[in-house]
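K.L.:
compute the structure for the input listed below.
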Amino acid sequence: MSDAPTENVPETSLSGLIATLAPTALVAGVYILIFLILRKSQRRWYAPRTYLGTIREEERSQPLPSGLFNWIGPFWKIPDTYALQHQSLDAYLFLRFLRMTVVIMFVGACITWPVLFPVYATGGGQGGQLNLLSMSHIDPTASGGKYRYFATCFCGWIFFGFVLMMVTRESIFYINLRQAFLLSPVYANRISARTVLFVSVPTDYLNEAKLRKVFGAAVRSIWIARDTSKVDELVEKRDTVAFKLEAAEVKLIKLANGERLKAVKKGGAAPDEEPTIEGDAESGSLAARWIPTKKRPTHKLGKFGLYGKKVDTIDWSREQLEKLIPETELAQASYRAGESKLTGSVFIEFAHQSDAQAAFQTLSHHQALHMSPRYIGVNPNEIVWKSLGISWWQRVVRRIAVLAFITALIVFWAIPVAFVGLVSNVQYLEGYSWLHWLTKIPNTIMGVITGLLPAVMLSILMSLVPVIMRLCAKLSGEPSLARVELFTQNAYFVFQVVQVFLVTTIASSASSIVKAIIDNPTGITNLLATRLPTVSNFYISYFIVQGLTVASGVLSQAVGFVIFKILYKFLAGTPRKMYQKWANLSAISWGSTLPVFTNIVVIGITYSCIAPLVLGFAAIGMSLFYLAFRYNILFVTDSQIDTKGLIYPRALQQMLTGVYIAEICLIGLFGIAKTPGPLICMVAFLIFTILYHFSLNAALDPLLYNLPKSLEAEEESLREGMERGDRIGSEDSAAKEKNGDAVALPVPATKKPNLFAKFFKPHVFADYATLRSLVPHSLLDPENMYEQAVAENAYYPPAVTSEVPLLWIPRDAAGISAQEVRHTSKVIPITDEGCTMDEKNKLVWDSEGARPPLWQPKVYY
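P.N.:
All right, here's what the predicted structure looks like:
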């Protein structure tokens, strides 16, 4: 998408729109048809959240009717807050963002269309068809032409003011919801809510006694991070050998059972013959009845198993595990005893959430960049352990280097894209003597090279960008996967705006834009203003493609469904792989998904006054995305990374980029048209936007990351009252006053507000007390969330707490699995329960219940 689109051609704009709409509508129809048909029978792929055993009962969604269309009504009635109560805060806020963008685009269309369409259509400028409805159709030299720009200016005032109000309203809503969520007993009692991570801790303070002296009696547990390279290596070796043994055991059972079934068909064995297993029978003796020793699983000891001595995999793995398991346990004990090298980070668990918040909000060290930055609410499963060993000066250097790299990546992204473009036009290079050999390539192959290959290459290139961003985030020292997603969200949004929007609009590469700005620093306004109106039809087509094809593809998941079926059928050869593939749900990557939609909103806001027709198509496109993702979040996907909703305020802030670009472009267009009145008015509004934005951030930023003491007191008073057996009203009713110095909860509005009051007064009708009722309170027992061992091991590295894996093999009628369990269990835990071999020699397990021997309950850290 880095190539500059062609300018609007008056004679082709409408026909081009129809030409885009027809094939995309056809593709969307096919996708939706696939979804409607497969949804009835493929429950695992289209409604796994309704029944999978890996999901707690209280987190499952209610199943929809299985008909072609009778599910639409019940689906429509499900509120978005269902995602908050059954999945995560991030999932709910993602849906809310999509819905809010639909509102912004729709209201923008209602503001601009009645006013600007008549003004532009009668503007007297050149162009026809769709260009009649854009700002480019105004002729400033015509009589009264310049005064028409006042309509554009004041519509911009109203719409941009509405966007600012929406950002303010949603920021207040988010803050109240986040506070209600984080202070709810189910979350406040989690160990992550009571634990603070300090990085870049000086060596003198990497001492438990000294840290307890600094933070006082409220400290409950301390985990000082240490070097885990030795433990990591041993655990990796142990697990690799263990899973090799498991795969070999499964292969042996499959081979022997297959031969037994052949013998049964030929009449050489009784199908119901009971196997006899003697306690002192030699290992593999039962399997030897059906297959010769040379057919047992073997492998070579050289690199990648390509060379070296050939050994029996089962016997060799058992011997290796007899040595590796004790070595690993010894290394784990050594780490726990504090015999490993310190890495400069520490986790401190406090008795209460309020104590942790106090430590988080307090300056911990007298030297700059020491014991800083600090993080609260870090989930142990999301920790990037390698980042904990980075010193303060390395963190600064890495951050600068990463930001420089990302800037260069964004600016010079045109180089790999240009290479893809070169491949698509490779036939034009045949004239060069050193490339004359291209003429010998058959036309069919050349068609694939110039047609399919560039599309695949460009798709791979674009998919690599978020991967690179995430890698950069980890290299810069981000300590958790949630922080990595937030970093990616920022970086990928900049990439989207620059490469997908500005570069596509203005020129063929970001580097040429940089050169133009260097040559004429004051010319960026005119550059944007000149190019933007000429490519509005391109973005109408862009929204059609995104809204119809991409949104329907998200809903149908046709490609993912095919890949899942292929992988599950052909590559899931052991019970473990079958279970993992079946039970692990797909997840939405917030850092790479949200920026795409934020950029669409930025484009819509930018064109709101220049070509208002764009708003209508943007509203329709975002509506389709909202419905597609709503279905997936409620019935298909799961949340793996939890940012506590911080993706939402970032997306709101990024959305204002569209307001700034729109205002700058309108200033440039008014300047080109030489209309001083609208120009001055828009400059004044730009200044107002900047001042308002700074004031908004100054007021709300502290509330985005910290919890206020007042609300902590409210929650604690409620809990004390519940412990005393006081009758506490429901979440929607007014809370009773408490004795002592505890303050009563704010009383929610008793009178049902009208639509406008609810919309314009979120601080009243969407306050903390009201939103508290939306937060799930009964998913877990807040007083008994963890077993003692789980709490004690929470912030040890995974390699330190990693237990010897339980091997899982299928049970067979010949009793081979029972014999293998008997012998292998002397070395490593193994079971043959929960999976059997059927009459076709296929693995069969209870996929409906999905709670085999490997299943472990999810721990809510």
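K.L.:
right, and the helix or strand after the helix or strand hosting residue 564?
P.N.:
Residue 564 is part of helix 558-566 when elements are defined by DSSP states H and E. Under the assignment DSSP H and E, the closest C-terminal helix or strand after helix 558-566 is helix 575-583.
K.L.:
what inclination does that next one have with respect to helix 558-566?
P.N.:
Interaxial angle of helix 575-583 relative to helix 558-566 (axes from the mean of the first three to the mean of the last three CA atoms, to 10 degrees): 160 degrees.
K.L.:
the nearest residue to residue 667 once chain neighbours are set aside in helix, strand or coil?
P.N.:
Nearest residue to residue 667, sequence neighbours excluded (CB to CB, 6 or more residues apart in numbering): residue 682, at 5.1 Å. Glycine gets a C-beta too; all of them are placed from N, C-alpha and C. Look at residue 682: counting by DSSP: H, G, I helix; E, B strand; the rest coil, its state is helix.
K.L.:
near residue 682, how many other residues are there?
P.N.:
By the measure other CB atoms under 10 Å, the count of residues near residue 682 is 29.
K.L.:
re the thing from before, list the buried ones in the helix holding residue 564?
P.N.:
561, 564 (16 or more other CB atoms under 10 Å).
K.L.:
with stretch 220-240 instead?
P.N.:
For stretch 220-240, burial by neighbour count (16+ other CB under 10 Å) applies to 220-226, 228, 230-232, 234-235, 237-239.
K.L.:
hmm, who's touching that stretch?
P.N.:
For stretch 220-240, the surrounding residues in contact (CB atoms under 8 Å, 6 or more residues apart in numbering) are 194, 206, 208, 211-212, 321, 324-325, 327-328, 331-332, 335, 338, 340-351, 385, 388-389, 791-792, 794-797, 799-800, 802, 804-805.
K.L.:
tell me which stretches of the chain form strands.
P.N.:
195-198, 219-226, 298-300, 310-312, 342-350, 374-376, 807-808, 830-831, 835-837, 843-845 (DSSP state E).
K.L.:
please name the strands paired to the longest one in the sheet, noting orientation.
P.N.:
To tie it back to what came earlier, the one meant is strand 342-350. Using DSSP bridges, strand 342-350 pairs in its sheet with strand 195-198 (antiparallel), strand 219-226 (antiparallel).
K.L.:
my guess is residue 325 meets residue 828, correct?
P.N.:
Yes - Residue 325 is within contact range of residue 828, at 6.9 Å (criterion: CB atoms under 8 Å).
K.L.:
what touches both of these two?
P.N.:
residue 804.
K.L.:
between those two, point out the one with more neighbours.
P.N.:
Taking other CB under 10 Å, residue 325 and residue 828 do not tie; residue 828 has more neighbours (21 against 17).
K.L.:
look up how far residue 577 lies from the more buried one.
P.N.:
Between residue 828 and residue 577 the distance is 18 Å, computed by CB to CB, to the nearest Å.
K.L.:
before we move on, the earlier item: I would like a PyMOL command selecting only the buried ones among the contacts of stretch 220-240, please.
P.N.:
Here is the PyMOL selection string for the buried members of these, based on 16+ other CB under 10 Å:
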select buried, resi 194+206+211+321+324+325+328+331+332+335+340+342+343+344+345+346+347+348+349+350+388+389+791+794+795+796+797+799+800+802+804+805
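K.L.:
wait, residue 119 sits on residue 147?
P.N.:
No - in this structure residue 119 lies outside contact range of residue 147 using CB under 8 Å: 9.8 Å.
K.L.:
those two: who's more crowded?
P.N.:
Neighbours were counted for residue 119 and for residue 147 using other CB under 10 Å; residue 119 has more, 20 against 13.
K.L.:
contacting residues around that one?
P.N.:
By CB under 8 Å, 6+ apart, the contact list for residue 119 reads 138, 148, 151-152.
K.L.:
nice, that's everything, thank you.
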